[in-house]
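[1] My questions concern the predicted model and sequence given below.
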Amino acid sequence: MCEDPTSVVSSVSYDTKTNSYSGFSPQLVNGLPIINQFQTNNYNELQQWFEDFDKSTLINANLVEPLLTNNSSSIHSRPYIISAYETNNKYIGIDVLRKWIYMYNECKKRNIIVVGFASDCEACYLKAMQISLGFFTHTSNIDLLRKNKNLFQINIPPTWTLFYENKANVSLHARWDPSYCKD
């Protein structure tokens with residue numbers, strides 16, 4: 001799985017099917033945006049939203065790419081979007097990690113094995129990757145590496161020098177692509 005935000009022109013619009021407004025940055029609960037948060041029939045409430053909430057400047061897209069097996073073809077391995085939502089990018093690493101844990105658990109319920117998460121070098125993603133990998137950090141309330149029944153073994157080819165991964169790792173692990181990092 002991977003995710004990345006991309007810039008959009010900020011605007012607010014009304015959706016008649018859901019009776020909600022889009023274009024504001026939704027609040028996150030456990031790393032996930034509140035769906036249809038901006039529903040109202042009250043003009044004063046709408047006016048208050050323009051004062052209280054940021055308009056979204058980004059769309060955050062989450063994509064998944066199935067891995068090829070002996071029984072699949074390259075047609076079945078094309079990436080596709082599993083979610084997209086508006087954001088102002090004002091979230092922290094723990095929000096990202098909670099979202100990844102939620103996505104991982106939902107996939108696990110459906111017998112889908114998530115091999116990893118990838119993103120660019122924004123600080124919130126790096127922090128989530130750092131915590132999930134146990135790389136120079138440890139949190140007392142989130143331990144993904146010890147006493148975890150979902151650990152798997154992976155052999156990293158020696159030519160993959162830009163990637164850090166434990167040999168025994170949790171299915172929730174991450175990679176970053178240094179080509180996206182900006183100095």
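    Yep, that arrived.

[2] For the rest of this, base every contact and every neighbour count on C-alpha atoms.
    Fine.

[3] got the domain boundaries for this structure?
    Taking automatic domain parsing as the domain assignment, the ranges for the chain are 1-91, 92-183.

[4] Poorly predicted segments of the protein, please.
    Regions of the chain meeting the criterion pLDDT under 70 cover residues 72-76, 133-157, 160-183.

[5] go again using 90 as the cut-off
    Scanning the chain with the threshold set as pLDDT under 90 gives 1-6, 18, 30-31, 63-82, 88-98, 100-108, 110-183.

[6] ranges for the helices of it?
    Under the criterion DSSP state H, the chain carries helices at the ranges 43-52, 93-109, 123-133.

[7] Just name the most buried of those.
    The highest mean neighbour count among these, using mean count of other C-alpha atoms under 10 Å, belongs to helix 123-133: a mean of 21.

[8] Now do the strands in this protein.
    Along the chain, counting by DSSP state E, strands occupy 2-7, 13-15, 20-22, 28-29, 32-33, 58-64, 80-87, 117-119, 151-153, 168-170, 174-176.

[9] and the longest one, what other elements does it pack with?
    It stands for strand 80-87. In terms of contacts (3 or more C-alpha pairs under 8 Å, 6 or more residues apart in numbering; DSSP states H and E), strand 80-87 is packed against strand 58-64.

[10] And for the second one?
    Here strand 13-15 is seen to pack against strand 20-22 when contacts are counted using 3+ C-alpha pairs under 8 Å, 6+ apart.

[11] Equivalent analysis for the fifth one, please.
    When contacts are defined as 3+ C-alpha pairs under 8 Å, 6+ apart, strand 32-33 packs onto helix 93-109.

[12] Check the burial of Thr159 by counting its neighbours.
    Per other C-alpha atoms under 10 Å, the neighbour tally for Thr159 reads 7.

[13] how close does it get to Glu45?
    Separation of Thr159 from Glu45 (C-alpha to C-alpha, to the nearest Å) stands at 57 Å.

[14] Can you give me the distance of Thr18 to Ile112?
    Distance of Thr18 to Ile112, given as C-alpha to C-alpha: 30 Å.

[15] Apologies, that question was intended for Ile34.
    In terms of C-alpha to C-alpha, Ile34 sits 25 Å off from Ile112.

[16] Same check on Asn88?
    From Asn88 across to Ile112, the span is 30 Å (C-alpha to C-alpha).

[17] Neighbour count: those two, which is higher?
    Between Asn88 and Ile112, counted using other C-alpha under 10 Å, Asn88 has the larger neighbour count: 20 against 12.

[18] contacting residues for the more buried one?
    25, 54-58 (C-alpha atoms under 8 Å, 6 or more residues apart in numbering).
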